[in-house]
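Trainee: below: sequence and its predicted model.
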Amino acid sequence: MSAFKAFSAPSNFTASKTTARPGDSITFTWGPSRVLVNGAIPEKYQFTVFADGEYIKIPNAGNIPLTETSFTFEFPEGVSNYAICYVSIVGNVANVDMEDVPGDQGVSGINSSENINIYVDYSPVDPEPPDPGPDPGPTPTPGGARLEQFQNSSAENIYPKTIVEGVFRQSDGKTLEELLEESGGSGGVESFNGRTGAVTPQSGDYTATQVGAVPAGDIQAVRVLTQTEYDALSSKNASTLYLIKE
């Protein structure tokens, strides 16, 4: 004859997943147990994992407070097929009033939930995406021209800056003259504006509008500001070239 259970089994036992790889985190939840006989004192919950014919030691699984109704653990290494998991209520029945126990049964201070099997996930692991490598920088322009790649003192790529709404953005601590000098490209063109051979830039080759610049005649002053100072300006003068320090 089985012993009378002094406590109801933890109810609604569920798991966050039923397939797992070693190291995967799994959370189990359950409903609280109730005292079924006078004098029985519940003490703790105990979580159990059984696999391949032996009990697996899980940290902190043997002494779960009664105020807790969940437990999370990492699926262990070495499980060949599946692990059997369940939670038990454990208590003291030394002072149980035997007159409340039906028949001549003994009294058990342990009662367990139903089992949940967690199966080993043997599905293929998605490979890590390939390393895209270093930033290739701007794409060369068609027609035989090429873009020069500039680097700063830390051997990091820097890219051409443009004038937008009268703001020329500096980088790498360089002066306006240095940036303008660096941004000049070299090309392999055969002829330009009637010139052949080693074609080099000359005054009048482009208008300011063609290269996205502010016409020189429109600039009456140059101011060097931080981004915060520039943003704080209540108004901006169209004849002033604002240099933003980065």
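Mentor: Good, I have the coordinates. Residues are numbered from 1 along each chain as shown.
Trainee: tell me the domain boundaries of this protein?
Mentor: The record's domain parsing of the chain by automatic domain parsing lists 4-120, 156-183+209-246.
Trainee: tell me, which of those domains is the model least confident about?
Mentor: Per-stretch mean pLDDT for those is lowest at domain 156-183+209-246 (a mean of 66).
Trainee: any idea which of the domains of the chain is most buried?
Mentor: Sort the domains of the chain by mean neighbour count, taking mean count of other C-beta atoms under 10 Å, and domain 4-120 sits at the top with a mean of 15. In this view, the C-beta of every residue, glycine as well, is placed from N, C-alpha and C.
Trainee: now the domains of the chain as a markdown table including distance to Pro130?
Mentor: Listed next are these as a markdown table, based on distance: least, C-beta to C-beta, whole Å:
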| stretch | distance to Pro130 |
| --- | --- |
| domain 4-120 | 23 |
| domain 156-183+209-246 | 21 |
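Trainee: which one of those lies closest to Gly133?
Mentor: Of all these, domain 156-183+209-246 sits nearest to Gly133, with 12.8 Å by C-beta to C-beta.
Trainee: closest to Pro129 out of the domains of the chain?
Mentor: Judging the domains of the chain by C-beta to C-beta, what sits closest to Pro129 is domain 4-120, at 19.5 Å.
Trainee: hang on, the earlier thing: any idea which of the domains of the chain gets closest to Pro127?
Mentor: Proximity to Pro127 (C-beta to C-beta) singles out domain 4-120 among the domains of the chain, at 15.2 Å.
Trainee: can you confirm Glu99 is in a strand?
Mentor: No. Glu99 is assigned helix when assessed by DSSP: H, G, I helix; E, B strand; the rest coil, not a strand.
Trainee: which parts of the protein are helices?
Mentor: 176-182, 227-232 (DSSP state H).
Trainee: so which of the domains of the chain is nearest Asp135?
Mentor: So among the domains of the chain, domain 156-183+209-246 is nearest, using C-beta to C-beta, at 6.3 Å.
Trainee: which ones are touching Phe28?
Mentor: For Phe28, the contacting residues are 13-16, 47, 70-72, 85, 87, 116, by C-beta atoms under 8 Å, 6 or more residues apart in numbering.
Trainee: ok, these vs Asn63, which is closest?
Mentor: For the contacts of Phe28, the closest approach to Asn63 (C-beta to C-beta) belongs to Phe47, at 9.7 Å.
Trainee: what distance do you get for the closest one to Thr29?
Mentor: 11 Å (C-beta to C-beta, to the nearest Å).
Trainee: ok, Asp104 next?
Mentor: Counting by C-beta to C-beta - Asp104 and Thr29 are separated by 37 Å.
Trainee: same thing with Val35?
Mentor: 21 Å.
Trainee: and if you look at Glu54?
Mentor: Distance from Glu54 to Thr29, by C-beta to C-beta: 26 Å.
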